[in-house]
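# after the sequence you'll find the predicted model.
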Amino acid sequence: MKKLLTIIFLLTIATALQAQNRGLQGKRGQQTYKTTSECGVPQGIFVDEITANTVTIHWMTNGAAFYQVQYYNTRNPQEKGTLMTNLGSVAIDNLQPCATYKFVIIAKCPDGLAKSRNQVFFTQGCK
């Protein structure tokens, strides 16, 4: 299980770095970096800082007005939540130990909503 998570994490980082290298422009200190692509489906999604009760989800911002992260526990779908931000990450707490969660990130773009594919993370604390 840990090997699978490590592989997924490394592939996600590699994809994010490739997209970042292709999509960034600007001068350090004079402008903020902007993606050259239009607002759309969030990319470069990865999770870290995983404990038994918390996780941080990251993605590359793409010019959206805001992002909505929806998540739920696959064993107990009533345990769910929605967080909104204009940043490229959110921290989630009060999660159940040793649980599988699914999440999706929705970008609010000028043309409408752009939704990522379903993603998964696993909290620690399994005995």
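Great, that's in hand.

# okay, and the helix or strand of the chain with the least pLDDT?
Lowest on mean pLDDT, DSSP states H and E among the helices and strands of the chain sits strand 24-25, with a mean of 36.

# now do the lengthiest strand in the chain: which elements does it pack against?
For the chain, the longest strand by residue count, based on DSSP state E, is strand 100-109. Judged by 3 or more CB pairs under 8 Å, 6 or more residues apart in numbering; DSSP states H and E, the packing partners of strand 100-109 are strand 55-60, strand 66-73, strand 112-115, strand 119-122. Every C-beta, even on glycine, is put in place using the N, C-alpha and C of the backbone.

# quick one: strands adjacent to it?
strand 66-73 (antiparallel), strand 112-115 (antiparallel), strand 119-122 (antiparallel) (DSSP bridges).

# show me where pLDDT drops low in the protein?
Residues of the chain meeting the criterion pLDDT under 70: 1-37.

# circling back to that earlier point, so which of the strands paired with strand 100-109 comes closest to residue 105?
strand 66-73 (5.4 Å; CB to CB).

# turn the strands paired with strand 100-109 into JSON lines, including distance to residue 91 and mean neighbour count.
Output for the strands paired with strand 100-109, formatted as JSON lines (distance: least, CB to CB, whole Å; neighbours: other CB atoms under 10 Å):
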{"stretch": "strand 66-73", "distance to residue 91": "10", "mean neighbour count": "18"}
{"stretch": "strand 112-115", "distance to residue 91": "21", "mean neighbour count": "12"}
{"stretch": "strand 119-122", "distance to residue 91": "12", "mean neighbour count": "18"}
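
# out of those, which gets nearest to residue 55?
Nearest to residue 55, of all those, is strand 119-122, at 5.5 Å by CB to CB.

# quick one: contacts of the closest one?
For strand 119-122, contacts defined as CB atoms under 8 Å, 6 or more residues apart in numbering pick out 1, 5, 45, 47, 50, 55, 57, 98-105.

# by neighbour count, which of those wins?
If you count neighbours using other CB atoms under 10 Å, the busiest of these is residue 105, which has 26 neighbours.

# okay then, goodbye and thanks.
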